[in-house]
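> need coordinates for the following:
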Amino acid sequence: MPTVSLATVSPDGTAHAVPLWFVWLDDAVYMTSRWGSRAHRNVERDPRVTLSFERGRAWTELAGVLVRGRAEVLQPDELAAKRPLSAWFEKYRGELTGTQFGVYVEQVPNPVLFGVIPDRVTGWSNSTMPARRS
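Residues are numbered from 1 along each chain as shown. Predicted structure coming up:
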């Protein structure tokens, strides 16, 4: 799956959700965004987040995982960011070939990396839900 939906808390208390590229390593889920984006500003103000991973198209294929935790902002030049950024670039290398890399660098000149250590993980699947009878 190429993206995860990151839900943050906006200043007015409403949810703000955006799809972001990510890698899920053994210690945390890491995703990137633009420096100064609404997601970045929300995380800086209130680190509580929910991540939504989903798959499937047909009703019985639909399944997902919700991850709740606190996001930590990492600078790309921090030592703690090296491994997640390497894994992120490895995962998305095919998406950033040729001119696409230039477009990415132009649109995201100052990326920010979020790390989320899960506090709670829950899953769901329509294929395992019992049939309802009337």
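> pull the longest helix anywhere in the chain out as CSV, backbone CA atoms only.
If you go by DSSP state H, the chain has its longest helix at helix 79-92. Extracted in CSV, the C-alpha atoms of helix 79-92 (Å, rounded to 0.1, in the frame of the first residue of the first chain):
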residue,chain,number,x,y,z
LEU,A,79,20.7,10.7,13.3
ALA,A,80,17.3,9.1,14.3
ALA,A,81,16.0,10.0,10.8
LYS,A,82,18.7,8.3,8.8
ARG,A,83,17.3,4.7,8.9
PRO,A,84,13.6,5.7,8.3
LEU,A,85,14.5,8.0,5.4
SER,A,86,16.7,5.4,3.8
ALA,A,87,13.8,2.9,4.0
TRP,A,88,11.3,5.5,2.7
PHE,A,89,13.5,6.3,-0.3
GLU,A,90,14.0,2.6,-1.0
LYS,A,91,10.2,2.0,-0.9
TYR,A,92,9.4,5.0,-3.2
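> now do the following helix or strand past that helix against helix 79-92, angle only.
Downstream of helix 79-92, the next assigned helix or strand under DSSP states H and E is helix 99-107. Helix 99-107 and helix 79-92 are oriented at 140 degrees to each other (axes from the mean of the first three to the mean of the last three Cα atoms, to 10 degrees).
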